[in-house]
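S.K.: Sharing a sequence plus its predicted fold:
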Amino acid sequence: MIYIEDHWQGLFLKPQQLKKWKKYANSADKKIGAFLQFKPDLAHISSAEHGELEGVPFAVKDNIAVRPFKLTCGSRMLKSLNSPYTATAVKKLQARGGVVVGKTNLDEFGMGSSTENSSLAKTVNPWDLSRVPGGSSGGSAAAVAAGIVPFALGSDTGGSVRQPAAFCGVYGLKPTYGTVSRYGLVAYASSLEVIGVIAKRVDTARMVFSIMHGQDDLDHSSLEYQPLPEVPEHLTVGIPIECSRDLHYDIDKSFKKTKDTLGELGFTVQEISIPSLDYVVSAYYVIATAEASANLARFDGIRFGERAIEADNPEELILLSRSRGLGDEVKLRILLGTYVLRSGFQDQYYLRAQKIRTAIRMDFEKAYSGVDLILMPVYSYPPFKFGGDGLDPFSQKLADIFTCTANLAGIPAMSFPASMENGLPIGMQFLAPPFGEELLFKACSIFEKIFPAPDSPIYSTEWSE
Amino acid sequence: MFQSFIGLEIHIQLLTRSKVFCGCKAAFGEEPNSNVCPICMGYPGVLPALNEQAIKMAYLVARALDCSLSKQAVFERKNYFYPDLPKNYQISQFSSPVGQNGYMDIEFRRRKKKVSIREVHLEEDAGKMIHAGDISLLDFNRAGTPLLEIVTQPDLEVGEEAEFFLKQLRRLVRYLGVCDGNMEEGSLRCDANISVNHLGRGLGSKVEIKNLNSFKFVRKALNFEIERQQDILARGGSITQETRLWNENRDVTEVMRTKESAHDYRYFPEPDLPSFKPDKAFLKSIETSMIELPNLRRQRLIRACLLTEQQADFICEERETTDFFERALSCGAEPQAAAVWLASDIQKMLNRSGISISESPLTPERFAEMLTLISQKRIHGKIAKQVLEVIFDENKSPERIIKERNWEQITDRKILKGVVDKVLERNSPVVKQITQGDPKPLGYLMGEIMKLTSGRAEPGLVKELLNEHLYLSFIQVLSMGGAITGKVNGAGDISPGDLNDVIRQVEEQGDIPKSIRFEEIEISRILSEEITPEDWSSLIIALDSYLNRGNTSGIVVAHGTDTLAYTASLLFWFFPDPPVPVVLTAALNAEEAAENLSAAVVYASEKKGGIYVSLGKTLLSPLNLKFERIAHNGFKNWNLQSPLYCSKDLSLSLLPLSDRKELTLAIEQAINQVCILKIFPGMRGDYLISLMNTGVKYFILELYDTGTANLRESPYSLKKAFLEGKERGVLFFCTSQQEGIVDFSGYITSHELWREGAIPMGSLTTESTFTRLIVSLLASESDEDLLRLMEEFSEDINFRA
């Protein structure tokens, strides 16, 4: 089976090709701004590293640690931080020959849906330079859609892999919680997030996942990957009735089309209900911000990062460094998280959100007793224009409804390009039961055969000819 | 009246190889920021990984404190900003700690108590911030090292008791090998919660005290706080709930923050660490790691080896000492001898060389071998001390040492008999002199025998052989004067006379077997009520020299009746294990004198080594002697089930026994600070304070009953005296006016006395307490030492003999 197109194989072992690729990559990135740091020369390739990814370049979202690259998280706070270590997931890919060529842009600390919250750079959508690439892994999705790399790593806390993948017309996998080590992923909401992969082809995503997964001694919340015993020949897909509300016209259209196509492709399609879907956004933001308020407390300007050197005492130093170093969206979420965790308020917010989370898990468990997969839109809107395009930050959060569900339930989900509407790619997603990644790959592959990921206007492979 | 409730929060640093959530070395005192990594520095993206050894130690401590062990120990984040806390939250435990609802048994000043342990939880330590002028420096070596927090219920009542509990807890964790328990270096830290309220009203407002980095500060700060809060309540005020800091320079607590500014730690479950669910194998490994805890081990050793409380405390303070002791026993060492040697000479050697017993060349096997050499009389005590030094210097076995140096005593009867025969043959005039009744040249014969054997003749055997040949038991009679020597003058009054007169009378009556020879030495010629420190000092020096002379088979001390109880107990403390019997005797009048003296001489020739009191045919213990009635059978021992003649537990090797003047001065100085006071109705607290003003530092209070006194708020209350005493460091040792055990039980005023810090002397009488105090003052270098020596003997001597 071919996991990756020929021109990516062993690229770093072919100096001529490499030179041409670098030139292409630089020029493409100039247009879209996917990378915060594009330095293929920093990559060291050891002859000991052989495997499926030998000499294959890939990009890593800049909230995942790769030595000796920076680890900015798109934040002013960390703009000068060099990572002293490498994330486990990245190490595993490097051990199979993969070459990290740069770090991609993101919403600061992964907080956003458009990559507009990056304090360091602007990334645009390769399909329409006036539109956002989605977020928070916007840089990774744009880099793949522009053909700079065959795949890129992102992190998915509430949809941050799937949503930008959908906006850019590529595949985005959010694995089962815990199957990929989080060691090296800068924590935003620890109990929700997982490192995922954005790729141009389903098989590429599949291979990358197969290398990355596995229990890690450095991450005690990580799990050994235990794939489902068998993948049925014939797949049944459930469509939650709750999904059809409040969808943008283009999304609604694509959703319906996808349902029909699946039927034509031999899937059994049936309606199901996930009643707790109404509460997921509230529960998601309570839990995510609560955890974020603690996770981001370490950015105090003392040991690393931007420091307010003029401060007179340690307390002032922390205060000034944080005030300056962190962006508005980040501050908003920290405040929210601090608020919901106050003593006396936990019952009302944090503990209630945990109860909703349990209810969601149970709803999904029930649903999977009748279907193999669930189909949902990724986002209620198509790729929007910079500045919100009439979509204020609050509406952007509400639109997380379809993606953050999988994070609350801890289940795997994969977004795939489902159709083109008005010249823009629209993504749908399959959700599977825990460890059901193979179901996702199979369903996406079947769909890929009739609708492969479309090439963006920027995408080119001419450099390889 | 008030009651106080004290709870402690104790943090102990666990002795793990690595930190609790990363692989960095958990070591102290190294180059700042040398044992750090991205994880313990809180770099972005890192995750904690639970240290197996730390969680095991946590469960072990929880188990040792009889906690119910958590089936699912949850880690939580405790959020607060501080520059030395890398993540600005601490991974700790809150909702489901490792252990809950345990307890530890303690007995402080005879009051037994179960101190409840609320919880035991595992957490990580912070780094250290050092302020140096204008700058602040941070060292993160300590950040992420494992801490175990042990929280008690408010079951403690006074500073001394809290200090005692803390020391017991320290012994436990050191025993378990999970913490070195060094408060000064911060490996054991303590915060205290205290609330004081009117009696019967339950808990009051809680005040937390921080910065208690020594046992002494724990005690002082809590007692300060008790006083402060009682003062406020007594004036009708109320206590503010707050956190206070101990100021060690000013000896006061000061407000740190009030309730309003208290932290909201916003605890929530640590998403990076799954809860720890101990499986069967883990719980089994905890059970197999459980050792016999020091308290139980101590009790067992007291029972099985008949150790005194003090010996047991010494042996059980450190696990390696206890292990060493028990291994020596299994190699055949005799427990008593082993305990005495361990606490005295071996401890001295270890202190001098600065090593621990397990590091020393003295193995339990060698130790047992040495003790066996002594018990087989192959070497005597003095040689044994030299053997010990050689073991430390040359790392050889005792057998080899005595062989190489030819130190073995001659214990072969045949060989010695040959020597004795030869000496007697050469010295026939001297022999004749002795057999005719003058024992003086015995020492000369002894010296000759020693010369011929290069000092290796076993003295006991030589004495035995000489006795066989000369049919002679040699008794020294030391005369202190007293009515036993008394003459009635013209007016009918008794004055002390010459004991020789009595002796002549005894000899004439022929009550004493011919084989007993005795010699009279006059120490003083006084009535016993006239006894002075100098007389005591003379007696002690004389006794010491005769006991060490080698040709004495017994000593009689002729004394008066009035102060006999004091002198007898004084000698009992001074000579814990005399090699020959020392018999004190007295007579009320001249008629009894000859009879009592001859009985004493016979006892002195028959009994084993020890201090005895003989009055007529009655043999009494020198301890707890009471002169109850003016009659020939007017003496009695109080509180003793069976008589005690030895007190091996008090080592007095520090005393200057050779210099009479020095000893006199020391005894004088000790007595000058002591006052015996019998409680009486209407006695004012001020009275004691005025005594303090004259230099009294130690009161022996003879209380009513088993420990009661007036503490009701009035001029007659002793409370004021106790308060003032606490301020001045005055100590109150309590005995009873009646026969009975002073244990402060049963009465509310006893509980009050206990709270005020009075020290119950248990079964000791006033006289024995007094002499115990004198001897302890001579033997101790600090009040703490003194308190230890005093309290240790207030245990139930009643039930052991």
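M.R.: On my side now, so go ahead.

S.K.: what about the helices in the stretch 1-150 of chain A?
M.R.: For the stretch 1-150 of chain A, the helices defined by DSSP state H, counting those that start in this stretch cover A:15-32, A:88-95, A:138-145.

S.K.: Of these, give the one that comes closest to chain B.
M.R.: Nearest of the helices of the stretch 1-150 of chain A to chain B, taken as CB to the nearest CB: helix A:88-95 at 9.5 Å. (Glycine included, C-beta is placed from N, CA and C.)

S.K.: So which elements touch the closest one?
M.R.: Judged by 3 or more CB pairs under 8 Å, 6 or more residues apart in numbering or on different chains; DSSP states H and E, helix A:88-95 is in contact with helix A:202-212.

S.K.: would a markdown table of the helices of the stretch 1-150 of chain A with mean neighbour count, mean pLDDT and distance to A:Lys385 be doable?
M.R.: Formatted as a markdown table, the helices of the stretch 1-150 of chain A follow (neighbours: other CB atoms under 10 Å in any protein chain shown; pLDDT from 0 to 100; distance: least, CB to CB, whole Å):
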| stretch | mean neighbour count | mean pLDDT | distance to A:Lys385 |
| --- | --- | --- | --- |
| helix A:15-32 | 16 | 96 | 15 |
| helix A:88-95 | 23 | 96 | 33 |
| helix A:138-145 | 36 | 98 | 14 |
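
S.K.: could you dump those helices to CSV with distance to B:Ala192?
M.R.: Below are these laid out as CSV (distance: least, CB to CB, whole Å):
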stretch, distance to B:Ala192
helix A:15-32, 62
helix A:88-95, 44
helix A:138-145, 55
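
S.K.: Okay, now the unreliable bits of chain A?
M.R.: Along chain A, the parts satisfying pLDDT under 70 run over A:1-2, A:44-48.

S.K.: quick revisit: among the helices of the stretch 1-150 of chain A, which comes closest to B:Pro513?
M.R.: Taking CB to CB, helix A:88-95 is the member of the helices of the stretch 1-150 of chain A nearest to B:Pro513, at 94.9 Å.

S.K.: tell me the domain ranges of chain B?
M.R.: Structural domains annotated on chain B: B:2-263, B:296-405, B:434-637, B:665-799, as defined by automatic domain parsing.

S.K.: can you tell me which of these the model trusts least?
M.R.: Among the domains of chain B, domain B:434-637 carries the lowest mean pLDDT, a mean of 82.

S.K.: Pull the number of nearby residues for the closest residue to B:Ile209 other than its chain neighbours.
M.R.: Nearest-residue entry for B:Ile209: B:Ala192, 4.7 Å, with adjacent residues in sequence omitted and distances by CB to CB, 6 or more residues apart in numbering or on different chains. For B:Ala192, the neighbour count with other CB atoms under 10 Å in any protein chain shown is 27.

S.K.: Which elements pack onto the helix or strand where B:Ala192 lies?
M.R.: Element membership for B:Ala192, per DSSP states H and E: strand B:188-198. In terms of contacts (3+ CB pairs under 8 Å, 6+ apart), strand B:188-198 is packed against strand B:2-13, helix B:159-175, strand B:207-212, helix B:215-234.

S.K.: Adding distance to A:Leu81 and mean neighbour count, write those out as TSV.
M.R.: Shown next, in TSV, are these (distance: least, CB to CB, whole Å; neighbours: other CB atoms under 10 Å in any protein chain shown):
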stretch	distance to A:Leu81	mean neighbour count
strand B:2-13	31	21
helix B:159-175	40	22
strand B:207-212	35	21
helix B:215-234	43	19
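
S.K.: So which of the ones you listed is nearest B:Thr561?
M.R.: Using CB to CB as the measure, helix B:159-175 is the one of those that comes nearest B:Thr561, at 39.1 Å.

S.K.: any idea how far B:Met480 is from B:His632?
M.R.: For B:His632, the distance to B:Met480 equals 19 Å [CB to CB, to the nearest Å].

S.K.: Revised request: answer the last question for B:Leu156.
M.R.: To B:Met480, B:Leu156 is 49 Å away according to CB to CB.

S.K.: before we move on, back to that, return the set of residues that bridge with the residue nearest to B:Ile209.
M.R.: In this entry, B:Ala192 is beta-bridged to B:Leu8, B:Ile209, by DSSP bridges.
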